[in-house]
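**Q** Following is a predicted model, sequence given first.
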Amino acid sequence: MRRLLSNAAAVGGIVVVILGASLASAQAKDAPQKESQPDVPDAIQVPAGEDVVLLAHATGSQIYTCQAAADGKFSWTLKAPEAELHDRNDKVIGSHSAGPSWKLKDGSEVTGKAAARVDSLDGQSIPWLLVKVVGHAGNGQLNSVTSIQRVHTHGGQPPAEGCDAAHRDAETKSSYTADYYFYAPVK
């Protein structure tokens, strides 16, 4: 009888170990994927002690207006971005707009100010940026975000022509895509 109970306990222990391993494996599959930092020039590196908490892919437009500079010359001036933010599964999770601001469907929002920039790799797209967060609103995933990088840009530059005195205040939209990496202090 002792041997039977001992064997039953051993088998039960194996079942518990197998079930535990299966549960841990299932939880790992459901856990959010930890994003690694992108390879970027030193000028737009985030401060030490910050980790990526969200990666969002943006698709949308950069909106420009035709404005005269102090010297009287006209040029396209950035008015605002207008983009949807997508997760890795291409699900829309939020938006990017004037401010600049980023707002997620969970109700959290941040506004930022460009701190550094470098030219895009292809030279024909909007620059890569390091943005410092200057304001928070709502509760959600962006609550603790302190820095944002805009990288892997494609498009978004204003037209080379069409901005002159006859077109003052005209608007144009230029399609773009980019990846936004959101950072928060390591916990």
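**A** Structure's in. What do you need?

**Q** Relative to the longest strand along the chain, what are the paired strands and their orientations?
**A** Counting residues, the longest strand found in the chain (DSSP state E) is strand 50-68. Sheet pairing of strand 50-68 (DSSP bridges) gives strand 74-86 (antiparallel), strand 171-185 (antiparallel).

**Q** buried sites along the longest one?
**A** Using 16 or more other C-beta atoms under 10 Å as the test for burial, strand 171-185 gives 172, 174, 176-184. Placement of C-beta: from N, CA and C, glycine included.

**Q** What mean pLDDT does that strand get?
**A** Mean pLDDT, strand 171-185: 98.

**Q** One more: the first one?
**A** In this model, strand 74-86 carries a mean pLDDT of 97.

**Q** Residues in contact with that strand: which ones?
**A** Here strand 74-86 makes contact (C-beta atoms under 8 Å, 6 or more residues apart in numbering) with 56-69, 92-100, 102, 104, 158-159, 163-165, 167-168, 171-173, 176, 178, 180.

**Q** about what we covered before: give me the average confidence score over the longest strand of the chain.
**A** What strand 50-68 shows for mean pLDDT is 97.

**Q** Same check on stretch 137-153?
**A** On average, stretch 137-153 scores 97.

**Q** which residues touch the closest residue to residue 127 other than its chain neighbours?
**A** Nearest residue to residue 127 in three dimensions, chain neighbours excluded: residue 117, at 4.4 Å (C-beta to C-beta, 6 or more residues apart in numbering). Contacts for residue 117 (C-beta under 8 Å, 6+ apart) come out as 43-44, 127-130.

**Q** 10 Å - rerun?
**A** 41, 43-44, 126-131, 150 (C-beta atoms under 10 Å, 6 or more residues apart in numbering).

**Q** Just grab the bridge partners of residue 77 for me.
**A** residue 65.

**Q** Tell me, how many residues neighbour it?
**A** 13 (other C-beta atoms under 10 Å).

**Q** just use 456 as the starting number from now, easier for me
**A** Renumbered: residue one is now 456, and that last one reads residue 532.

**Q** will you turn the contacts of residue 572 into JSON lines that also has secondary structure?
**A** Formatted as JSON lines, those follow (DSSP: H, G, I helix; E, B strand; the rest coil):
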{"residue": "496", "secondary structure": "coil"}
{"residue": "498", "secondary structure": "helix"}
{"residue": "499", "secondary structure": "helix"}
{"residue": "581", "secondary structure": "coil"}
{"residue": "582", "secondary structure": "coil"}
{"residue": "583", "secondary structure": "strand"}
{"residue": "584", "secondary structure": "strand"}
{"residue": "585", "secondary structure": "strand"}
{"residue": "586", "secondary structure": "strand"}
{"residue": "605", "secondary structure": "strand"}
